[in-house]
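J.: Any chance you can model this:
(chains A, B, C and D)
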There are 2 protein chains.
Amino acid sequence: MDKLRKNPTMTDVAIKAGVSPMTVSRAFKPGSLVNDQTRARIHAAAEELGYVLDSTASSLRSQKTDFVAVTIPSINNANFADTVGALTEGLKPRGLQILLGYTNYDVEEEERLIEQLLRRRPQALVVTGGQHTARTRRLLENAHVPVIETWDLPSTPVDHVIGFSNAQAVQVMVDHFVEKRLTRIAFIGGDVDRDTRGLDRRRGFIAAMQRHGLDATRLIAAGPPPISMREGAEAMVHLLETAPDTEAVICVSDLSAFGALSACQRRGIAVPDQISIAGFGNYEVGAICVPSITTIDPSPSEIGRRAAELLCRVLDSGSNLPICEEIDPRLLLRESSI
Amino acid sequence: MDKLRKNPTMTDVAIKAGVSPMTVSRAFKPGSLVNDQTRARIHAAAEELGYVLDSTASSLRSQKTDFVAVTIPSINNANFADTVGALTEGLKPRGLQILLGYTNYDVEEEERLIEQLLRRRPQALVVTGGQHTARTRRLLENAHVPVIETWDLPSTPVDHVIGFSNAQAVQVMVDHFVEKRLTRIAFIGGDVDRDTRGLDRRRGFIAAMQRHGLDATRLIAAGPPPISMREGAEAMVHLLETAPDTEAVICVSDLSAFGALSACQRRGIAVPDQISIAGFGNYEVGAICVPSITTIDPSPSEIGRRAAELLCRVLDSGSNLPICEEIDPRLLLRESSI
DNA sequence: ATGAAAGCGCTAACAA
DNA sequence: TTGTTAGCGCTTTCAT
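T.: Coordinates of the predicted model:
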């Protein structure tokens, strides 16, 4: 392989096929008017030369790209992966690709990332979360393309929103435990200043506990988000030592909840008989493990599906009216809670 | 927000700052020679206009992009996510971004994806696996940029390789069980014609069993890859019914192994006392669950780290010599096997 | 159904 | 240190 030789251009293909570059361009654009034989000849010539269209040049000239920029906190998270998967599927019929970036749960990193992504001139942006730096907001507002914030219900949206209230969802969980006469409830989450959705869940926990007149001080901050299974297990060990009379634990995600469950199992503490455990996110591990883990399903793929749908509508209509679609997370009662 | 107004260009910034477009260009290029005051004036003008560099035009003119294309089978997989994470970190110092695509464990999809990615003229390609369609091979060979195949040891590499033998790794696992006097060993994997690494692991299983003179017919094909925890659990139920005297099960990944473990727990079958279970990949769930799951660690982030290193070296030297670096997967003995 | 001319926004190359 | 000119590879627009 000669890495130094330049890639062939449309002109090279045109010469080889005995046509003008313009005809080659048409031959590569589906649904355009080229003689079938000419088109076949052109494709043969292209294949022989190893020609691949240069979308850099194509995008520059036509002033439009064929992709949508998407930001998620972490590439390694089944929930966000499901959202991205559904988004990808929903945009495929329109020929739109996903350009994916991750913020590592950090709004500063998000700012850098979004600027990088905007340089590539996406047709739209789908971001996770509704909290951004001031500059990120300005970048998004100046982008002149539709923006969708997801997985959250920001009080002052940049543009469109498809999400839910993380705080509200956890309040439902607290209500459930209180109904079951459990009152000494703890919350295991991450450090509060990075993962804004985790922070909202923690806020929802505190609000609900106070509404019920209960002690909302059993709060474990298990480290920088995302909280892993291991950190969930460590947090549970800590909780069992410092507050052994705890009756129920709500974890910021199913992953930490599974860690907490495993810690109980290693110490011979029966779940749910001695302590109830709940998570968040409806990850597969919580559905399969024994006992299965009570959780909240925020419908990640539904978020992606509806974001794609909304985008298609907005791109077609050119409308400027911000749309907010609320997702309704479902409480899934499983074996880990009485 | 006015989505119809065009984005400002470098010329707009130049006029506002009272300089030529070329000076604006320089002001945005780190380490180039512009008067500090001029640069400050330009950045202020840019910020005020909401200017964001157009990398489409920049790339076209300079004939170089600032990204590396990476393909992985699935976005939702902690192993590949770790590889991508390490790759991202390793390329950041050089200012290279990752352009990520996923193949859904399908070589046809890989072909479409790689053509899409090549249109954007990446500086290099990092692909997962060493099996491709004939056309994919041609595309990669004609790309005129370095290519790294990972997670595999292809017999005829396209270019560079950083990987390991999936078959060999599983053989080590079989040897371990045989040493422990377990002979009735089963393998749970996916359908054989999509995930080539899963197929290699299955091949390794069969080869090792035959080498030991053992029956290699306890093979469960649990569906199209990737095999989920749920599918692992279902496969285990099937295995317990059809071959109840099985002494050990090797699963194509820790996720299916965890499903198999859960199935045993639901049926009151003691692991490892009644049956040993092993997985592959060293996923977090297998380290945390009770009992923890014996596995093989293929060092996903090591693969990413070394791919980034190799890329930097090759991009600097411009060398054409294909390099093959072998990773040595480690057997991790845990509680799920005797 | 095909071609010719022009130019998208930026930067390499050269000039001052 | 800054400016001028030209052109990257493609597609829009207009012409035939």
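
J.: Which residue ranges of the stretch 151-300 of chain A form helices?
T.: In the stretch 151-300 of chain A, the segments counted as helices under DSSP state H, counting those that start in this stretch are A:166-179, A:196-211, A:229-242, A:254-266, A:284-288, A:300-317.

J.: can you redo those helices as JSON lines with mean neighbour count and distance to B:Ile162?
T.: (Glycine included, C-beta is placed from N, CA and C.) Shown next, in JSON lines, are the helices of the stretch 151-300 of chain A (neighbours: other C-beta atoms under 10 Å in any protein chain shown; distance: least, C-beta to C-beta, whole Å):
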{"stretch": "helix A:166-179", "mean neighbour count": "20", "distance to B:Ile162": "40"}
{"stretch": "helix A:196-211", "mean neighbour count": "20", "distance to B:Ile162": "35"}
{"stretch": "helix A:229-242", "mean neighbour count": "20", "distance to B:Ile162": "27"}
{"stretch": "helix A:254-266", "mean neighbour count": "27", "distance to B:Ile162": "29"}
{"stretch": "helix A:284-288", "mean neighbour count": "23", "distance to B:Ile162": "29"}
{"stretch": "helix A:300-317", "mean neighbour count": "20", "distance to B:Ile162": "32"}
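
J.: for chain A, which residue is closest to the average position?
T.: The residue lying closest to the centre of chain A (C-alpha atoms, centre = their mean) is A:Phe80, at 3.3 Å.

J.: I figured it hits A:Ser74, correct?
T.: Yes: counting by C-beta atoms under 8 Å, A:Phe80 touches A:Ser74, with 6.7 Å between them.

J.: What helix or strand is the residue nearest to the centre of chain A located in?
T.: Taking DSSP states H and E as the criterion, A:Phe80 maps to helix A:78-91.

J.: who's in contact with that helix?
T.: A:68, A:70, A:72-75, A:97-98, A:100, A:126, A:128, A:150-151, A:281, A:283-284, A:298, A:300-305, A:307-309, A:311-312, B:74-76 (C-beta atoms under 8 Å, 6 or more residues apart in numbering or on different chains).

J.: can you rerun that using 7 Å?
T.: Helix A:78-91 has contacts (C-beta atoms under 7 Å, 6 or more residues apart in numbering or on different chains) with A:68, A:70, A:72-74, A:98, A:100, A:126, A:128, A:150, A:281, A:283-284, A:300-301, A:303-305, A:307-309, A:311, B:75-76.

J.: Going by neighbour count, list what's buried in that helix.
T.: For helix A:78-91, burial by neighbour count (16 or more other C-beta atoms under 10 Å in any protein chain shown) applies to A:78-88, A:90-91.

J.: same deal with stretch A:243-254?
T.: Of the residues in stretch A:243-254, those buried (16+ other C-beta under 10 Å) are A:Thr246, A:Glu247, A:Ala248, A:Val249, A:Ile250, A:Cys251, A:Val252, A:Ser253, A:Asp254.

J.: before we move on, what about stretch A:277-284?
T.: Across stretch A:277-284, burial judged by 16+ other C-beta under 10 Å covers A:Ile277, A:Ala278, A:Gly279, A:Phe280, A:Gly281, A:Asn282, A:Tyr283, A:Glu284.

J.: Isn't A:Glu110 up against A:Leu139?
T.: No: look at A:Glu110 against A:Leu139 with C-beta atoms under 7 Å: they stay out of range, at 10.1 Å.

J.: related to what we said a few turns ago, of the buried residues of stretch A:277-284, just say which sits nearest to DNA strand C.
T.: Nearest to DNA strand C among those: A:Gly281, at 40.6 Å, using C-beta to the nearest atom of the strand.

J.: The closest one and A:Ser253 touch, don't they?
T.: Yes: under the criterion of C-beta under 7 Å, A:Gly281 makes contact with A:Ser253 at 5.0 Å.
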